[in-house]
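Chemist: the amino acid sequence is not available; the structure is as follows:
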């Protein structure tokens with residue numbers, strides 16, 4: 001006999017599969033409720049009774065990141081179901097809702113003291129409790145299906161997924177690519193090392209089998225209100241996973257969790273922290289009730305090794321395709337920027353680029369640097385903004401006089417006037433920081449918020465001990481050049497050796513710059529003339545005290561530092577954030593001076609969250625992997641440092 005069923009979350013992959021199965025072979029009349037659509041709500045007005053209300057949890061069986069809109073969707077559902085007769089509620093959550101609990105997990109409703117490992121598990125706990133409260137208030141029978149980590153084609157898109165096994169594989173490949181961009185042969189000598197505890201491994205189940213099992217229980221006349229574990233009989237084998245990952249291009253070794261480990265291993269843990277709970281917290285899931293409710297002849301399904309191997313290969317293939325697509329998108333975005341010029345009184349030409357549509361974002365580059373470092377962030381910003389990119393002139397060619405910080409700020413004002421920009425947001429990198437702050441000082445209404453990435457603030461009264469060794473050496477060498485022009489060739493050689501030569505084998509690979517960027521950094525030292533020009537710019541910049549300006553900056557300011565930045569001090573950025581009336585600080589764990597490029601997705605997330613709610617504190621941004629650790633930003637008056645948590 002057919003039923004009228006409502007699938008809440010039908011716009012998700014899992015919800016769509018549920019709706020298709022219920023309305024296909026099952027023959028049920030299916031009403032689909034999408035989280036952000038009103039069509040289903042209108043159709044509810046035309047029915048008096050709903051036999052089953054299926055609700056998909058916020059992570060779709062831990063195959064996705066938690067949907068932030070889920071709580072609002074449940075609240076809307078509560079109001080929409082008023083006056084309707086409901087036969088039962090079927091909630092599809094995650095077996096990992098039990099959080100840090102280990103051992104054999106019983107099919108029982110959540111205890112009040114259940115501790116979540118991360119935000120996704122916390123979202124699942126909140127959703128399950130909310131559905132239980134909704135059902136309890138209306139006295140509707142509730143079946144809670146807690147699934148294993150669901151895998152399979154219906155959950156896989158054309159891009160790396162935002163959760164589950166696919167996201168884990170993508171995180172490993174992202175991390176491997178980052179390290180190899182700095183030292184191409186690094187993983188020829190060693191493997192990626194991940195923590196694992198004896199007896200701990202993920203529990204995986206094909207999504208098709210899980211859906212069929214849940215529908216079978218829901219349709220069984222013997223099924224009662226309860227919790228059912230829709231899980232595989234046995235957890236995965238990490239030894240088998242190592243083979244799958246090697247076939248996907250990643251060599252992994254599992255070992256006991258340690259508080260002390262090489263920096264690369266600790267950073268990898270941070271990138272895969274959410275998934276690490278599956279390999280360090282031993283737990284098995286008792287599915288006695290779920291098996292019994294499925295009826296006679298039911299066999300608990302499992303993920304076959306061949307299907308598991310194919311899953312890893314598909315994840316790696318999607319990662320490669322997405323990476324190639326992203327590279328093309330960057331090239332197209334940069335090419336889409338229109339190059340514009342303005343004549344200057346000194347006979348030179350002021351150049352800048354502009355493109356996109358939407359609220360204006362002004363990007364202020366460091367002196368003497370090209371657009372390469374900015375390309376990935378600019379690509380992301382162009383999706384929603386008009387982007388104005390400005391790279392200060394004054395480094396190259398013959399000049400009538402040295403080009404100063406004040407000149408940069410005035411030329412930026414000319415650009416804004418030419419484009420008739422009266423309000424914008426600003427992102428700066430390195431020596432662009434003082435330029436952006438001085439612009440706001442002169443025009444307080446021009447910016448609603450500003451983000452200073454890897455800002456250079458020397459000199460800062462009281463903070464001289466925070467200056468980097470590089471800043472000291474650069475200042476000294478540039479002084480020599482401004483006093484003796486003949487020293488330019490010596491400085492050229494020094495800078496080329498510093499940036500172009502590989503670091504010693506025992507050096508921290510994380511602190512090195514990506515090889516793709518190295519040639520761009522020595523451009524100001526490409527010839528004697530540019531070396532002289534740049535030296536004058538550096539002396540002017542590093543002699544300019546920005547401290548008196550800070551108190552006048554009333555707009556929200558986000559300072560982003562790289563933990564391993566050896567060019568501009570992250571400690572000084574943090575200290576500057578506390579001197580600003582409305583300052584915040586975020587530190588990219590393992591980040592260098594080049595986070596704008598190397599950690600572009602994290603920086604973009606930070607900047608976009610900040611621009612969307614500039615007065616919010618704390619704010620979060622996810623590391624480049626989908627299961628990354630949040631780099632939290634804390635208001636200057638807030639508690640503690642604002643960096644991603646350290647591994648212990």
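Modeler: Perfect, I can see it now. Predicted, not measured: the structure shown is a model, and the values here were computed from it.
Chemist: now do the helices in the stretch 451-600 of the chain.
Modeler: Taking DSSP state H, counting those that start in this stretch to define them, one finds helices in the stretch 451-600 of the chain at 469-483, 488-500, 515-521, 528-543, 547-550, 570-579, 595-598, 600-612.
Chemist: quick one: closest of those helices to residue 81.
Modeler: Residue 81 lies closest to helix 600-612 among these, at 32.1 Å (C-beta to C-beta). Glycine gets a C-beta too; all of them are placed from N, C-alpha and C.
Chemist: buried residues in that closest one?
Modeler: Buried residues in helix 600-612, defined by neighbour count with 16 or more other C-beta atoms under 10 Å: 600-611.
Chemist: export these to JSON lines and append columns for pLDDT and distance to residue 30.
Modeler: As requested, these are exported to JSON lines (pLDDT from 0 to 100; distance: C-beta to C-beta, whole Å):
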{"residue": "600", "pLDDT": "92", "distance to residue 30": "42"}
{"residue": "601", "pLDDT": "89", "distance to residue 30": "37"}
{"residue": "602", "pLDDT": "89", "distance to residue 30": "40"}
{"residue": "603", "pLDDT": "93", "distance to residue 30": "43"}
{"residue": "604", "pLDDT": "93", "distance to residue 30": "38"}
{"residue": "605", "pLDDT": "89", "distance to residue 30": "36"}
{"residue": "606", "pLDDT": "90", "distance to residue 30": "41"}
{"residue": "607", "pLDDT": "93", "distance to residue 30": "41"}
{"residue": "608", "pLDDT": "92", "distance to residue 30": "36"}
{"residue": "609", "pLDDT": "89", "distance to residue 30": "37"}
{"residue": "610", "pLDDT": "92", "distance to residue 30": "42"}
{"residue": "611", "pLDDT": "94", "distance to residue 30": "40"}
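Chemist: quick one: which of these is nearest to residue 136?
Modeler: Of all the buried residues of helix 600-612, the one with the least separation from residue 136 (C-beta to C-beta) is residue 609, at 35.6 Å.
Chemist: separation between the closest one and residue 584?
Modeler: 11 Å (C-beta to C-beta, to the nearest Å).
Chemist: tell me if I'm right that residue 192 and residue 253 touch.
Modeler: Yes. Residue 192 is within contact range of residue 253, at 7.2 Å (criterion: C-beta atoms under 8 Å).
Chemist: the two: which is more packed in?
Modeler: Set side by side, residue 192 and residue 253 show more neighbours around residue 192, with 20 against 12, by other C-beta atoms under 10 Å.
Chemist: with adjacent residues omitted, what lies nearest to the more buried one?
Modeler: Sequence neighbours aside, residue 252 is the residue nearest to residue 192 in space, at 5.0 Å (criterion: C-beta to C-beta, 6 or more residues apart in numbering).
Chemist: what pLDDT does the one you found get?
Modeler: Note for residue 252: predicted pLDDT of 95.
Chemist: got the contact list for it?
Modeler: When contacts are counted by C-beta atoms under 8 Å, 6 or more residues apart in numbering, residue 252 is found next to 172, 191-194, 241-242, 245-246.
Chemist: for residue 428, see how far away it is.
Modeler: Counting by C-beta to C-beta, the separation of residue 252 from residue 428 is 39 Å.
Chemist: and if you look at residue 323?
Modeler: For residue 323, the distance to residue 428 - C-beta to C-beta - is 28 Å.
Chemist: which one of the two has more residues nearby?
Modeler: residue 428 (26 against 14).
Chemist: isn't that one right next to residue 454, touching?
Modeler: No. Assessed by C-beta under 8 Å, residue 428 is found out of contact with residue 454, at 9.0 Å.
Chemist: residues in contact with the longest strand along the chain?
Modeler: In the chain, taking DSSP state E as the definition, the longest strand is strand 85-94. Strand 85-94 is touched from outside by 3, 14, 18, 48-57, 59, 61-62, 121, 124, 127-128, 131, 134-135, 138, 140-147, 149, 214, 218, 225, with contacts defined as C-beta under 8 Å, 6+ apart.
Chemist: secondary structure class for residue 104?
Modeler: strand (DSSP: H, G, I helix; E, B strand; the rest coil).
Chemist: count of neighbours near it?
Modeler: Neighbour tally, residue 104, other C-beta under 10 Å: 10.
Chemist: what of residue 388?
Modeler: Residues within reach of residue 388, counting by other C-beta under 10 Å, total 25.
Chemist: what element comes up after the helix or strand where it lies heading to the C-terminus?
Modeler: Assigned by DSSP states H and E, residue 388 belongs to strand 386-390. Using DSSP H and E, the next helix or strand after strand 386-390 towards the C-terminus is helix 405-418.
Chemist: just how off-centre is that following helix within its chain?
Modeler: 33 Å (C-alpha atoms, centre = their mean, to the nearest Å).
Chemist: adjacent strands (with direction) for the next helix or strand after that helix?
Modeler: Following helix 405-418 in sequence order, the next helix or strand is strand 424-429 (DSSP H and E). Note on strand 424-429: by DSSP bridges, its sheet partners are strand 360-364 (parallel), strand 447-453 (parallel).
Chemist: average pLDDT for the shortest one?
Modeler: For strand 360-364, the mean pLDDT works out to 98.
Chemist: and the angle from it to strand 386-390?
Modeler: 20 degrees (axes from the mean of the first three to the mean of the last three C-alpha atoms, to 10 degrees).
Chemist: just checking, next helix/strand downstream of strand 360-364?
Modeler: Immediately after strand 360-364, counting by DSSP H and E, sits helix 375-381.
Chemist: residue 268 sits in which helix or strand?
Modeler: helix 263-271.
Chemist: other SSEs contacting that helix?
Modeler: On a contact count with 3 or more C-beta pairs under 8 Å, 6 or more residues apart in numbering; DSSP states H and E, helix 263-271 meets helix 164-182, strand 192-195.
Chemist: now the helix ranked longest in the chain: buried residues?
Modeler: For the chain, the helix with the greatest residue count under DSSP state H is helix 305-336. Buried residues in helix 305-336, counted by 16+ other C-beta under 10 Å: 308-309, 311-312, 314-316, 318-319, 326, 330, 333-334.
Chemist: now stretch 130-149
Modeler: 130-132, 134-135, 140, 142-149.
Chemist: now render those as a markdown table, adding distance to residue 518, pLDDT and secondary structure.
Modeler: Shown next, in a markdown table, are the buried residues of stretch 130-149 (distance: C-beta to C-beta, whole Å; pLDDT from 0 to 100; DSSP: H, G, I helix; E, B strand; the rest coil):
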| residue | distance to residue 518 | pLDDT | secondary structure |
| --- | --- | --- | --- |
| 130 | 52 | 95 | helix |
| 131 | 54 | 96 | helix |
| 132 | 57 | 95 | helix |
| 134 | 57 | 94 | helix |
| 135 | 60 | 94 | helix |
| 140 | 63 | 94 | coil |
| 142 | 59 | 95 | strand |
| 143 | 59 | 96 | strand |
| 144 | 55 | 97 | strand |
| 145 | 53 | 97 | strand |
| 146 | 50 | 97 | strand |
| 147 | 47 | 96 | strand |
| 148 | 46 | 95 | coil |
| 149 | 40 | 92 | strand |
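Chemist: mind picking the two most distant members of the residues you listed?
Modeler: Farthest apart among the buried residues of stretch 130-149 - using C-beta to C-beta - are 140 and 149, which lie 28.2 Å from each other.
Chemist: quick one, grab the pLDDT at residue 423.
Modeler: pLDDT, residue 423: 96.
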